[in-house]
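> What follows is a predicted structure for the sequence shown.
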Amino acid sequence: MTDSQDTGTSPALDSARAGGTPSSTADEAAATTAAATTAPPRTPDPAADGNPVVPAAAGTRTAADVVTPEVAARLTRGVVSGGGRTANHTPFTGEKLADLPESTPEDVATAFERARAAQERWAKVPVKQRAAVLLRFHDLVLRRQAEVLDLIQLETGKARLHAHEEVQAVAVAARHYGRKAASYLKPKGHTGVVPTLTKVTELRQPRGVVGQIAPWNYPLELSVGDALPAFVAGNAVVMKPDTETALTALWAREQLIEAGLPEDVWQVVIGAGPVVGPAVVEHADYVSFTGSTPTGREVARGAAARLVGVSLELGGKNAMLVLHDADVEKAAAGAIRGCFSSAGQLCISIERLYVHESIADDFLQRFAARTRAMRLGNALAYGADMGSLVGERQLETVTRHVEEAVAKGAKLVAGGRPRPDIGPLFYEPTILDGVQAPMAVCGEETFGPVVSVYRFGDEDEAIALANATPYGLNSSVWTKDGRRGRAVAARMRTGTVNVNEAYAAGYGSVQAPMGGMGDSGLGRRHGSEGILKYTEAQTVAHQRVMPLAPSFGMTDEKYAQFMTRSLRAMKALRLR
């Protein structure tokens with residue numbers, strides 16, 4: 001995702017520094033921590049002791065202002081449903097946002113029938129006309145971004161700036177594939193088995209109907225952002241968004257239809273994952289899934305049983321390495337972005353921080369000060385540095401990981417508690433020091449605003465520690481020496497590595513592939529791989545003048561001699 005947080009510094013933090021925030025030594029910090037652990041227990045006052053809160057300004061829009069019954073009815077009219085009903089809720093308050101249609105496996109079958117009929121017509125539209133739809137969609141998203149920012153915030157609980165990352169990412173993807181799809185998909189000539197006599201052309205045919213299962217954490221980018229290359233490649237899509245974030249995906253569908261996409265080419269079904277998800281996999285010609293690693297394995301098994309392709313972007317336990325020569329201030333600011341964007345509910349978020357021992361104390365002091373100064377908020381407006389977790393399950397995981405780590409000896413440097421004074425699912429951005437196995441937070445994906453800090457003395461050691469995980473999605477390296485940073489990056493076992501950035505540089509560079517190694521998934525989004533995965537390669541070989549067989553009165557032996565001479569000549573001519 002393109003990075004809109006240029007400095008990572010909040011005004012609250014700047015004013016705190018201007019007012020003389022203590023720059024204590026490591027010994028003083030340790031003494032303060034020791035005093036806190038031996039002081040008499042007291043009931044903390046989150047509003048007084050914790051992260052500051054950005055109050056909602058007078059007249060700020062509310063959920064009732066944004067998701068009216070008329071808006072919900074308009075957005076959901078395209079959902080394939082036999083009449084069942086469900087609902088979604090806002091993490092900010094826990095209140096219901098909208099009543100939604102609920103689909104059954106039979107409805108999924110109906111959606112695929114409609115999509116197949118529409119796909120045959122859509123595939124006949126010239127690719128440049130399909131690409132023009134994406135470019136018009138790009139403009140609509142930017143023009144109407146306020147609408148979707150409200151929906152993203154209400155459905156995910158994230159801060160508005162983090163919601164805007166989704167707008168940026170979708171616009172970049174739409175522009176890229178709108179401009180490059182024709183080049184990616186154009187017929188390509190290849191040298192035939194007998195040059196000049198064998199003319200070979202590689203064509204790209206759409207797979208048919210793509211089944212897409214989209215997650216809740218980035219409901220715009222990971223729904224329509226992944227669907228755009230499928231559409232421009234000539235496919236139809238049957239999508240199952242997460243129920244709690246379905247309105248954002250449906251808003252994107254509405255804009256894409258206005259931009260020129262035939263309505264039936266994008267079908268949407270809504271329902272419980274264990275019910276509707278397998279039905280999507282059962283009917284799809286290709287499956288695109290973003291979510292947890294355990295569920296990704298189930299999706300892969302279902303697709304493999306039908307011999308259809310699959311792309312999976314799964315979990316991560318992403319590491320950030322701060323080398324001895326890093327700019328400590330910039331690294332601390334980058335860690336704020338990397339660890340706490342969207343409250344850490346990002347597959348490529350940083351959960352492990354490896355800092356060289358020579359700068360660890362300085363880094364941790366700066367990072368902790370920034371973390372404690374982060375402003376929490378639940379208003380549909382810019383200003384908050386972090387929002388809410390999305391659901392009870394995430395809050396339970398975060399709480400369990402932090403409490404278990406502290407109980408087993410880890411030190412709480414910042415955060416470490418829920419903030420019900422703001423909303424039912426708020427949790428402060430949290431830094432843990434002294435984490436080690438078998439603490440769950442050491443190896444399990446938290447998917448929340450929690451990061452563990454580790455010290456290292458040798459780069460080889462740091463790289464080995466960072467790679468000591470079954471996951472391999474994203475990593476980050478910080479150094480003033482660009483050559484060293486790139487050399488370290490090449491040794492990281494992750495699909496993307498960012499040098500002097502946390503995740504945005506790699507994700508936002510959409511001409512390059514993005515995806516995971518190991519337990520972090522299969523396949524790639526973005527670039528040529530991100531669109532060609534939605535196609536079948538077809539080779540057309542046209543043989544001219546003579547067949548690849550004895551001809552013109554040749555005996556078998558003469559033909560074999562002729563082919564032997566030809567093969568030797570092609571090697572001498574360096575033909576490939």
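That came through, no problem.
> From here on, just use CA atoms for contacts and neighbour counts.
Will do.
> For the stretch 1-150 of the chain, give me the ranges with low pLDDT.
1-48 (pLDDT under 70).
> hmm, try it at 90
1-49, 56-60 (pLDDT under 90).
> Are we agreed that Val413 is in a strand?
Yes. Counting by DSSP: H, G, I helix; E, B strand; the rest coil, Val413 is found in a strand.
> which outside residues touch stretch 393-405?
389, 416-418, 425, 427, 432, 435, 439-441, 446-450 (C-alpha atoms under 8 Å, 6 or more residues apart in numbering).
> what's the most distant pair in those?
Across the contacts of stretch 393-405, no pair lies farther apart than Leu425 and Val435, at 24.5 Å, counting by C-alpha to C-alpha.
> all helices for the stretch 1-150 of the chain, in order.
11-18, 26-38, 46-49, 63-66, 69-76, 105-123, 127-143, 145-156 (DSSP state H, counting those that start in this stretch).
> Pro195: which of those is closest?
helix 127-143 (30.0 Å).
> in that closest one, what's buried?
By 16 or more other C-alpha atoms under 10 Å, the buried positions in helix 127-143 come out as 127, 130-141.
> what do you get for stretch 452-460?
In stretch 452-460, counting by 16+ other C-alpha under 10 Å, buried: Ser452, Val453, Tyr454, Arg455, Phe456, Glu459.
> correct me, but the last one touches Leu323?
Yes. Counting by C-alpha atoms under 8 Å, Glu459 sits close enough to Leu323 to count as a contact (7.5 Å).
> Show the subsequent helix or strand relative to the helix or strand hosting Ala303.
Assigned by DSSP states H and E, Ala303 belongs to helix 293-305. Counting by DSSP H and E, the next helix or strand C-terminal to helix 293-305 is strand 309-313.
> For that next one, give the mean pLDDT please.
Model confidence over strand 309-313, given as mean pLDDT, is 97.
> What residues of it count as buried?
Gly309, Val310, Ser311, Leu312, Glu313.
> Please apply the same query to stretch 309-325.
Buried residues in stretch 309-325, defined by neighbour count with 16+ other C-alpha under 10 Å: 309-324.
> likewise stretch 439-447?
Neighbour-count burial for stretch 439-447 [16+ other C-alpha under 10 Å]: Met439, Ala440, Val441, Cys442, Gly443, Glu445, Thr446, Phe447.
> Ok, stretch 431-441 next?
For stretch 431-441, by 16+ other C-alpha under 10 Å, it's Ile431, Leu432, Asp433, Val435, Gln436, Met439, Ala440, Val441.
> which secondary structure element contains the residue nearest to the last one when sequence neighbours are not counted?
Counting by C-alpha to C-alpha, 6 or more residues apart in numbering, the nearest residue to Val441 once its immediate chain neighbours are dropped is His401, at 5.2 Å. Using DSSP H and E, the element containing His401 is helix 392-407.
> Just the CA trace of that helix, in PDB.
Extracted C-alpha coordinates of helix 392-407, given in PDB (Å, rounded to 0.1, in the frame of the first residue of the first chain):
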ATOM      1  CA  GLU A 392     -13.900 -10.100  20.000                       C
ATOM      2  CA  ARG A 393     -11.600 -12.800  18.600                       C
ATOM      3  CA  GLN A 394      -8.900 -10.400  17.800                       C
ATOM      4  CA  LEU A 395      -9.200  -8.700  21.200                       C
ATOM      5  CA  GLU A 396      -9.000 -12.100  22.900                       C
ATOM      6  CA  THR A 397      -5.900 -13.100  21.000                       C
ATOM      7  CA  VAL A 398      -4.100  -9.800  21.700                       C
ATOM      8  CA  THR A 399      -5.000 -10.000  25.400                       C
ATOM      9  CA  ARG A 400      -3.900 -13.600  25.700                       C
ATOM     10  CA  HIS A 401      -0.600 -13.000  24.000                       C
ATOM     11  CA  VAL A 402       0.300 -10.000  26.100                       C
ATOM     12  CA  GLU A 403      -0.900 -11.300  29.500                       C
ATOM     13  CA  GLU A 404       0.900 -14.600  29.000                       C
ATOM     14  CA  ALA A 405       4.100 -13.000  27.900                       C
ATOM     15  CA  VAL A 406       4.100 -10.700  31.000                       C
ATOM     16  CA  ALA A 407       3.200 -13.600  33.300                       C
END
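> Could you tell me how many residues sit around Gly260?
15 (other C-alpha atoms under 10 Å).
> Who are the contact partners of it?
Val133.
> And it, how far from Ala132?
8 Å (C-alpha to C-alpha, to the nearest Å).
> Can you get me a residue count around Thr196?
Thr196, neighbours per other C-alpha under 10 Å, totals 12.
> what does Leu307 give?
Leu307 has 11 nearby residues by other C-alpha under 10 Å.
> repeat for Arg568
For Arg568, using other C-alpha under 10 Å, the count is 11.
> for Gly506, same thing?
Neighbours of Gly506 under the rule other C-alpha under 10 Å: 23.
> hang on, it in a strand?
No. Counting by three-state DSSP, Gly506 is not found in a strand; it is helix.
> For it, which residues are in contact?
Met1, Thr496, Val497, Asn498, Met514.
> so what's the third one closest to, chain neighbours aside?
For Val497, ignoring the flanking residues on the chain, the nearest one in space by C-alpha to C-alpha, 6+ apart is Ser475 at 4.8 Å.
> Tell me if I am right that that neighbour is in a strand.
Yes. Counting by three-state DSSP, Ser475 is part of a strand.
> hey, what's it bridged with?
When assigned by DSSP bridges, Ser475 has beta-bridge partners Ala319, Val497.
> neighbours around it, how many?
32.
> Contact partners for it?
Ser475 neighbours (C-alpha under 8 Å, 6+ apart): Asn318, Ala319, Met320, Ile348, Ile350, Met492, Thr494, Thr496, Val497, Asn498, Ala502, Tyr503.
> hang on, the second one packs against Ile348?
No. At 9.5 Å, Ala319 does not count as touching Ile348 under the criterion of C-alpha under 8 Å.
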